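1. Would you be able to build a 3D model of this:
(4 chains)
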There are 2 protein chains.
Amino acid sequence: MGSADNVTELGPALLTLGRAYLGVAGAILDKVPHGPRGYHTLAAVIRGDHPSQLVLAGRLGIDRTVMTYLIDDLVTAGLVERQLNPTDRRQRRIVATPQGIQTMAELDRRVREAEEELLGALDLDEREAFRDLLRRAVSGLRDSDGRLCYPGGDGC
Amino acid sequence: MGSADNVTELGPALLTLGRAYLGVAGAILDKVPHGPRGYHTLAAVIRGDHPSQLVLAGRLGIDRTVMTYLIDDLVTAGLVERQLNPTDRRQRRIVATPQGIQTMAELDRRVREAEEELLGALDLDEREAFRDLLRRAVSGLRDSDGRLCYPGGDGC
DNA sequence: GCAGATCGTATGTTTCACAGACTATCTCAC
DNA sequence: GTGAGATAGTCTGTGAAACATACGATCTGC
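-> Predicted coordinates for the structure are as follows:
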């Protein structure tokens, strides 16, 4: 059986699709601080259940030093707020402002349209299957706390 | 129908899986110049059918100025060679050296193992389905020459 | 032979991620 | 209580990477 003709292709394809996503989403999200990354952070904040910046960073796979100025810029844009946690004053709880929620609602629709366009080569059932497989593959990279810990990573 | 609970998730999941791939592949490919990117370039070179650096860059979605020093380093590592195209002396045809082919053969196996580990949450049939859907989605982003041209990109 | 386009290269700028140090605060032992 | 160590968040510096721009070499068309 030939071994060279069925080369993996998974890695390049993954990165290519990711870059394409960054391209189309970046065009939509140019008003959001830090583009797609800030948008994903805002989405996670709205989804809630993030006691601290550190947990938020762990869930998104972002370094905590990056998370600091990422949230700085989301705050100055009026999309989120830092709230001091009274029970542990080291922690900053991040919550979305009404403006942040409204902005998210508007952008979510357009981003979803762009995503559909990105998967244009697949029919509707296949897109749903792809989303499902992708979601489950990623969830396998998380520990019980939802933190990312892929093999070779430092955390696990 | 609730609109906030089925947020897209495709973008973050895509980027997360891509970053995880870069993490595990980068650990394997730390001896290859420019890590995964150099490896993908080498793989494309071995696959052949790339008349010039520019076409190669277009296929991989890499800027041509980046491609220059990427190939520079692959050449100094002894993995590829620049051949002058006699019919058009502006073009440089990139071919793999025997050492490049051998290196590729060794690394391909390990990278594939890492990929399987990355998709560990899926069973075998699902992994194959995921690879297939991903490959087809990406092929939809290419024009007739194989160049990447996702919506919003400059080229199309 | 000349004008314009194309391939590859070189240069400068900007952005970005990551490591390390630092402050403030919490937890636990005693 | 008090002190040692751990943790959350911030700040600073460094290095890598992408991108635009400009340039020399070569091809194509007239």
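2. contacts and neighbour counts: CA atoms only from here.
-> Will do.
3. all helices in chain A, in order from the N-terminus.
-> A:10-28, A:35-47, A:53-60, A:64-76, A:98-118, A:124-139 (DSSP state H).
4. Serialize those helices to a markdown table and add fields for mean pLDDT and distance to B:D143.
-> Converted to a markdown table, these look like this (pLDDT from 0 to 100; distance: least, CA to CA, whole Å):
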| stretch | mean pLDDT | distance to B:D143 |
| --- | --- | --- |
| helix A:10-28 | 89 | 14 |
| helix A:35-47 | 93 | 26 |
| helix A:53-60 | 92 | 33 |
| helix A:64-76 | 94 | 36 |
| helix A:98-118 | 93 | 14 |
| helix A:124-139 | 94 | 21 |
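5. As JSON lines, these with distance to B:R64 and mean neighbour count would be great.
-> Formatted as JSON lines, those follow (distance: least, CA to CA, whole Å; neighbours: other CA atoms under 10 Å in any protein chain shown):
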{"stretch": "helix A:10-28", "distance to B:R64": "16", "mean neighbour count": "20"}
{"stretch": "helix A:35-47", "distance to B:R64": "25", "mean neighbour count": "20"}
{"stretch": "helix A:53-60", "distance to B:R64": "32", "mean neighbour count": "20"}
{"stretch": "helix A:64-76", "distance to B:R64": "30", "mean neighbour count": "16"}
{"stretch": "helix A:98-118", "distance to B:R64": "24", "mean neighbour count": "16"}
{"stretch": "helix A:124-139", "distance to B:R64": "31", "mean neighbour count": "17"}
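6. okay, those helices in JSON lines with distance to B:L118 next?
-> Below are those laid out as JSON lines (distance: least, CA to CA, whole Å):
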{"stretch": "helix A:10-28", "distance to B:L118": "11"}
{"stretch": "helix A:35-47", "distance to B:L118": "22"}
{"stretch": "helix A:53-60", "distance to B:L118": "17"}
{"stretch": "helix A:64-76", "distance to B:L118": "24"}
{"stretch": "helix A:98-118", "distance to B:L118": "23"}
{"stretch": "helix A:124-139", "distance to B:L118": "7"}
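7. Next, format those helices as TSV and append distance to DNA strand D.
-> Formatted as TSV, these follow (distance: least, CA to the nearest atom of the strand, whole Å):
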stretch	distance to DNA strand D
helix A:10-28	9
helix A:35-47	13
helix A:53-60	3
helix A:64-76	4
helix A:98-118	18
helix A:124-139	22
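8. Of those helices, which is nearest DNA strand C?
-> Closest to DNA strand C of the helices of chain A is helix A:64-76 (CA to the nearest atom of the strand; 5.4 Å).
9. ok, that closest one near chain B or not?
-> No: applying CA under 8 Å from any CA of the partner chain, one finds helix A:64-76 out of contact with chain B, separated by at least 15.6 Å.
10. Also stretch A:126-136?
-> Yes: Stretch A:126-136 reaches chain B (CA under 8 Å from any CA) through A:E126, A:F130, A:R131, A:L133, A:L134, A:R135, A:R136.
11. Just the closest of those to A:A57, please.
-> Lowest distance from A:A57 to those (CA to CA) belongs to A:R135, with 18.7 Å.
12. who's in contact with that closest one?
-> By CA atoms under 8 Å, 6 or more residues apart in numbering or on different chains, A:R135 lies in contact with B:E9, B:L10, B:A13.
13. and what of A:I71?
-> Per CA under 8 Å, 6+ apart, neighbours of A:I71: A:V80.
14. before we move on, back to that, please tabulate the residues of stretch A:126-136 next to chain B in CSV, including the columns distance to A:I94.
-> Formatted as CSV, the residues of stretch A:126-136 next to chain B follow (distance: CA to CA, whole Å):
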residue, distance to A:I94
A:E126, 36
A:F130, 32
A:R131, 28
A:L133, 30
A:L134, 27
A:R135, 25
A:R136, 27
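15. any idea how far the spatially closest residue to A:T103 that is not a sequence neighbour is from A:A44?
-> Nearest non-adjacent residue to A:T103, counting by CA to CA, 6 or more residues apart in numbering or on different chains: A:L79, 7.9 Å away. Noted for A:L79: a distance of 13 Å to A:A44, by CA to CA, to the nearest Å.
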